[in-house]
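*Asks:* let me see the structure of the following:
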Amino acid sequence: MGGNRIFTGLNVILDGQPRPATVIVDAETGKITQVRDGTSARTDFPDTTDADWLDAADKYILPGIVDAHVHLNEPGRTDWEGFWTGTRAAASGGVTTVVDMPLNSIPPTTTVANLEEKRAAARGQCWTDVAFWGGVIPGNQAHLKPLIDAGVKGFKCFLIESGVDEFPCVNESDLRLAMDEIKDTSTVLCFHAELETTPAPAAPTEPAEPADPTLYSTFLASRPPSLEVAAIALITRLHAQHPALRLHVVHLSAAAALPLVRAAQAARLPLTVETCFHYLALAAGAVPRGRPEFKCCPPIRDEANRDALWAALADGTVDCVVSDHSPCVAALKRTEDGDVMRAWGGISTLGLGLGLLWTEARRRGFGIESIVEWLCVRTARHAGLAERKGRIAEGFDADLVVWDPDATFQVTKESLNFKNKLTPYEGLELTGKVLKTFVRGKMVYNAAEADGFKGLEPVGVLL
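*Replies:* Below is the predicted model of the structure:
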């Protein structure tokens, strides 16, 4: 199959700015071969079929979103989520590349053999392109360079228990071994940055009244900002001893840790930071009682903390925004008894991130150029995909999203495309609707169809 596919419109995002342009895509390779200034007429491309022509008119054409923090859980916990359902949900929200986290699947991505098992499970199921993070756990440092050679985009570790037995947390000694192993590579080491440093308090002489486990405030008190501050203090101290190694803090929630991040960045250490849609769109004070759908680790914090995270995004201290889509089955979320303390910690977001961020960002005065920077450009760079993903430019994959910035939609259970339809966002009205999603020039989502996927096929590849 040869020929071109043509995408034209008045608001194509090029280098962050919307302007009239025409994007020409090689239909066989899925690569952008040319970007022309100005819109084009159908008669300008007489050899192109109607199926290979798209005029977005005044709707926006965005680069596909790169979600660099997703738990797809397959194999092993496919009843929580899987490649088919997770990537369909991603495509419905304008995500064209997901980077899968190394834990919650069984086996975890901590050896090359485990990576190959995960890739075998993914083949033929993916509606978006998929890349993989590797994992750092105690004792697996000899596997890190082979994993790099096998194609992982970097590594994730936990400084606090992860919640699954097959992915234990690391201590400072483990970290030193791992960092020594990868210090001369171009990879990145990512941290779940919570660290318990104080011993448990002595038992009181009189038993205290037990805290209500259905209150979000009870959970919030159990994961204070000091855990993130302690973790990032350790990370930056170790970073000073390995100043050439790229380090990254995943899902930062505590604004109290931002001074440490700023100090490291001022010292020119290559430290980057992500935050999540839920920390920017939600606040602890508005979480209803008995709603474990809002539980995540680290937790959603108060409104002042949320404002500080937005300010850190604006000034570049925080680099990018991801979903940390971390689903589970309903029984583990404990929706029947509302026990937040015993519920699985994770928020399901795939398909909703662009709407969540745009709705809040526009209210705060940010434009689409900021959204594209945070969701596309910087996430692609972080995941080592900046040479082919995150921008609309010649030589890049034709990952494109047709988007209406003014259309509104309500989040309903029926509209969710991930497997277990539990999310704190149900009932919200969001602004900014994805109309069509294309992966390497091929349509993988069409909002005009009842389910969004009629007549379409999964075309994602493993990166």
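*Asks:* show me where the stretch 101-250 of the chain has its helices.
*Replies:* 112-122, 144-150, 172-182, 216-222, 225-241 (DSSP state H, counting those that start in this stretch).
*Asks:* okay, those in CSV with mean neighbour count and mean pLDDT next?
*Replies:* Any C-beta I mention is one placed from the backbone N, CA and C, and that applies to glycine too. Formatted as CSV, the helices of the stretch 101-250 of the chain follow (neighbours: other C-beta atoms under 10 Å; pLDDT from 0 to 100):
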stretch, mean neighbour count, mean pLDDT
helix 112-122, 17, 98
helix 144-150, 18, 98
helix 172-182, 17, 97
helix 216-222, 17, 96
helix 225-241, 19, 97
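*Asks:* take those and lay them out in TSV including distance to Ile24.
*Replies:* Compiled in TSV, those are given as follows (distance: least, C-beta to C-beta, whole Å):
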stretch	distance to Ile24
helix 112-122	30
helix 144-150	34
helix 172-182	40
helix 216-222	51
helix 225-241	44
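*Asks:* of all those helices, which one is nearest Lys442?
*Replies:* Closest approach to Lys442 among the helices of the stretch 101-250 of the chain is made by helix 112-122 (17.9 Å; C-beta to C-beta).
*Asks:* show me the one of the helices of the stretch 101-250 of the chain that comes nearest Pro424.
*Replies:* So among these, helix 216-222 is nearest, using C-beta to C-beta, at 10.5 Å.
*Asks:* got the CA positions of the closest one in PDB?
*Replies:* Extracted C-alpha coordinates of helix 216-222, given in PDB (Å, rounded to 0.1, in the frame of the first residue of the first chain):
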ATOM      1  CA  TYR A 216     -10.100  10.400  53.100                       C
ATOM      2  CA  SER A 217      -8.500  12.600  55.800                       C
ATOM      3  CA  THR A 218      -7.600   9.400  57.700                       C
ATOM      4  CA  PHE A 219      -5.700   8.100  54.700                       C
ATOM      5  CA  LEU A 220      -4.200  11.500  54.000                       C
ATOM      6  CA  ALA A 221      -2.700  11.600  57.500                       C
ATOM      7  CA  SER A 222      -1.100   8.300  57.000                       C
END
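*Asks:* all further residue positions should be reported with the first residue as 5.
*Replies:* Understood, numbering begins at 5; the last thing we discussed is helix 220-226.
*Asks:* what comes into contact with it?
*Replies:* Contact partners of helix 220-226, identified using C-beta atoms under 8 Å, 6 or more residues apart in numbering, comprise 215-217, 288, 291, 293, 295, 298-299, 303-305, 344-345.
*Asks:* so what does the helix or strand where Thr441 lies touch, helix or strand wise?
*Replies:* Thr441 belongs to strand 433-443 when elements are defined using DSSP states H and E. Secondary-structure packing of strand 433-443 (3 or more C-beta pairs under 8 Å, 6 or more residues apart in numbering; DSSP states H and E): helix 87-96, strand 99-104, helix 357-367, strand 404-414, strand 446-450.
*Asks:* how far does stretch 60-74 sit from the chain's center?
*Replies:* Stretch 60-74 sits 14 Å away from the centroid of its parent chain (C-alpha atoms, centre = their mean, to the nearest Å).
*Asks:* check the average confidence over it, would you?
*Replies:* When pLDDT is averaged along stretch 60-74, the result is 98.
*Asks:* please save the CA atoms from it in PDB.
*Replies:* Taking Å, rounded to 0.1, in the frame of the first residue of the first chain, the C-alpha atoms of stretch 60-74 are listed here in PDB:
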ATOM      1  CA  ALA A  60     -10.200  19.400  10.400                       C
ATOM      2  CA  ALA A  61     -11.500  22.900   9.500                       C
ATOM      3  CA  ASP A  62     -11.300  25.000  12.700                       C
ATOM      4  CA  LYS A  63     -10.900  22.000  15.000                       C
ATOM      5  CA  TYR A  64      -7.400  21.500  16.300                       C
ATOM      6  CA  ILE A  65      -4.900  18.900  15.100                       C
ATOM      7  CA  LEU A  66      -2.600  18.000  18.100                       C
ATOM      8  CA  PRO A  67       0.400  15.700  18.300                       C
ATOM      9  CA  GLY A  68      -0.600  12.400  19.900                       C
ATOM     10  CA  ILE A  69      -0.200  12.300  23.700                       C
ATOM     11  CA  VAL A  70       2.700  10.300  25.200                       C
ATOM     12  CA  ASP A  71       1.500   8.900  28.600                       C
ATOM     13  CA  ALA A  72       4.700   7.900  30.200                       C
ATOM     14  CA  HIS A  73       3.200   6.300  33.300                       C
ATOM     15  CA  VAL A  74       0.600   3.600  32.800                       C
END
